[in-house]
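[1] requesting a structural model of the entry that follows:
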Amino acid sequence: CRHQTPTYKADRRCRIQGDVSCTAWLSETGSNLTQSQAIQGSIDRNRLFYQNLFSSGPLEGVIDPSVATYLNAYEIYELVSYQYEHNETVYKGLEDANNTLNILRANAFDLERAKTSVNTTSTDIALKTLYSIAGRTLAYNVANAFNGTVAANGASSKMTLMFGTLRPLLSFLSVGGLLTRENVASGPLSTLPDHGAAIVFELVSQRYASNSGGFPSADDLSVRFYYRSAAALNGTFTDYPLFGSGNDGPSIPFMSFVRQMHEKGTSPTGWCSICRPEGTAPWCGYIPNDSEDPKCPPSSSSGMSPAVGGVIGAVIVLGIIGLVSLALFALGGFRLRRSGKPERNATLGGFKGAER
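    Coordinates of the predicted model:
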């Protein structure tokens, strides 16, 4: 998808990571959320833990004390986890390493969940939509990708990949009604996703294609959802019912799936209205023709509707019975600069490189 406006000529792909450039979300999570009673309580309870972690032992002085706080829980978890895996000094010298990493991981999960979903008891629909904007942006694109495949009777878009960071994936789990009390108590959905985590949407039909190669009708299609929290060699995909559709098993009728994905999803126009990017998202200022999307003008090489935020991608695989799969792989990584010192270049090998 290419932007061809008089004021913004740089080509770039349409994006799915709805929190990026979303000024309203950044403002809300950076001010109101951090001042909430729950977050302030977490800051106070973890203050000494973070300060001690970076004021003694092998991590002493690695980051400035001012950023050693629960408010940077995810970035700190990424930093310490990476150092533990690749830095022999940290590996041997980190006191009570397993417990420390577990606390860091749990804090990161709690804070990222708070940033991507509002308490379900809240009646403020606008606030719920803002917090889950990353997942809603993804939902809109997933539904459009499926619609395109079904409309073409499986003749196109047989495989589509979406690559993004943690937040669209985690936010969609909330939007899809998957972060239930039971799911967050134990199992894959109860912990922070690792790099390489994936969600898969599989379009299936019990009705085989005819000898003439006909594609099943929309009424004969259903969608299954799978989640894998890590890219480990022994990792498995677990299926979950979307939108509380568990009474019908792990699948949901295709038409119901698309309707709910569009109801809960956020279109490009809606994203601009909700996020109020204030100049940081030039596509919101584009004035389209009647046939064009207001956020990302169509190109001759792509029939997918656009979305905002990270690099586009997802999987659709067409099989003999009309099997279509759509997957999002969450990849990411953050680094904090060493206080007062330049960053060092890190290699992928690192400590225990050959073993890993």
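
[2] helix/strand/coil for the closest residue to residue 128 other than its chain neighbours?
    Sequence neighbours aside, residue 118 is the residue nearest to residue 128 in space, at 4.7 Å (criterion: C-beta to C-beta, 6 or more residues apart in numbering). Yep, even glycine has a C-beta here, placed from its N, CA and C like the rest. Per DSSP: H, G, I helix; E, B strand; the rest coil, the secondary structure class of residue 118 is coil.

[3] so what's residue 118 up against?
    Contacts of residue 118 were listed using C-beta atoms under 8 Å, 6 or more residues apart in numbering, and they are 124, 127, 128, 131, 132.

[4] relative to residue 164, how far out is it?
    Applying C-beta to C-beta, to the nearest Å, one obtains 21 Å for the distance of residue 118 from residue 164.

[5] coming back round to it: export the contacts of residue 118 to a markdown table and append columns for pLDDT, neighbour count and distance to residue 178.
    Formatted as a markdown table, these follow (pLDDT from 0 to 100; neighbours: other C-beta atoms under 10 Å; distance: C-beta to C-beta, whole Å):
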| residue | pLDDT | neighbour count | distance to residue 178 |
| --- | --- | --- | --- |
| 124 | 77 | 11 | 21 |
| 127 | 88 | 14 | 20 |
| 128 | 87 | 18 | 16 |
| 131 | 90 | 26 | 16 |
| 132 | 91 | 28 | 12 |
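
[6] now flag whichever of the residues you listed is closest to residue 33.
    Proximity of those to residue 33, judged by C-beta to C-beta, is greatest for residue 131, which lies at 8.3 Å.

[7] now for the closest one: which residues touch it?
    In this structure, residue 131 makes contact with 25, 28, 29, 115, 116, 117, 118, judged by C-beta under 8 Å, 6+ apart.

[8] roughly how far does the closest residue in space to residue 153 that isn't next to it in sequence sit from residue 114?
    With sequence-adjacent residues excluded and distances taken as C-beta to C-beta, 6+ apart, residue 153 is closest to residue 215, at 3.8 Å. Separation of residue 215 from residue 114 (C-beta to C-beta): 43 Å.

[9] tally up the residues packed near residue 59, please.
    Number of residues near residue 59 (other C-beta atoms under 10 Å) recorded here: 23.

[10] for the one 4 residues further on, same thing?
    As a burial measure, residue 63 scores 20 neighbours (other C-beta under 10 Å).

[11] looks to me like it is in a helix.
    No. In this structure, residue 63 is coil, not part of a helix, as judged by three-state DSSP.

[12] surely it and residue 79 touch.
    Yes. Look at residue 63 against residue 79 with C-beta atoms under 8 Å: they come within range, at 7.2 Å.

[13] where does pLDDT dip in the stretch 201-350 of the chain?
    207-213, 233, 245-249, 280, 285-350 (pLDDT under 70).

[14] thinking again about what came up before, so which of the contacts of residue 118 are in helices?
    Cross-referencing these against helices under DSSP state H gives 127, 128, 131.

[15] closest to residue 260 out of those residues?
    Closest approach to residue 260 among those (C-beta to C-beta): residue 128, at 15.1 Å.

[16] on that earlier part again, out of the ones in helices among the contacts of residue 118, who's nearest residue 21?
    The closest of those to residue 21 turns out to be residue 131 (C-beta to C-beta; 16.1 Å).

[17] quick one on the thing from earlier: of the contacts of residue 118, which is the nearest to residue 18?
    Taking C-beta to C-beta as the measure, residue 18 sits nearest to residue 132 out of the contacts of residue 118, at 8.8 Å.

[18] next up, the contacts around that closest one.
    Residue 132 sits in contact with 116, 117, 118, 171, 174, 175, where contact means C-beta under 8 Å, 6+ apart.

[19] tell me how many other residues crowd residue 250.
    Using other C-beta under 10 Å, residue 250 has 17 other residues around it.

[20] residues contacting it?
    With contacts defined as C-beta under 8 Å, 6+ apart, residue 250 is in contact with 224, 225, 239, 240, 241.

[21] ChimeraX command to pick out the buried ones of these?
    Listed next is the ChimeraX selection for buried residues among the contacts of residue 250, using 16 or more other C-beta atoms under 10 Å:
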select :224,225,240,241
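
[22] would a markdown table of the contacts of residue 250 with secondary structure and distance to residue 110 be doable?
    Converted to a markdown table, those look like this (DSSP: H, G, I helix; E, B strand; the rest coil; distance: C-beta to C-beta, whole Å):
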| residue | secondary structure | distance to residue 110 |
| --- | --- | --- |
| 224 | strand | 29 |
| 225 | strand | 24 |
| 239 | strand | 26 |
| 240 | strand | 21 |
| 241 | coil | 25 |
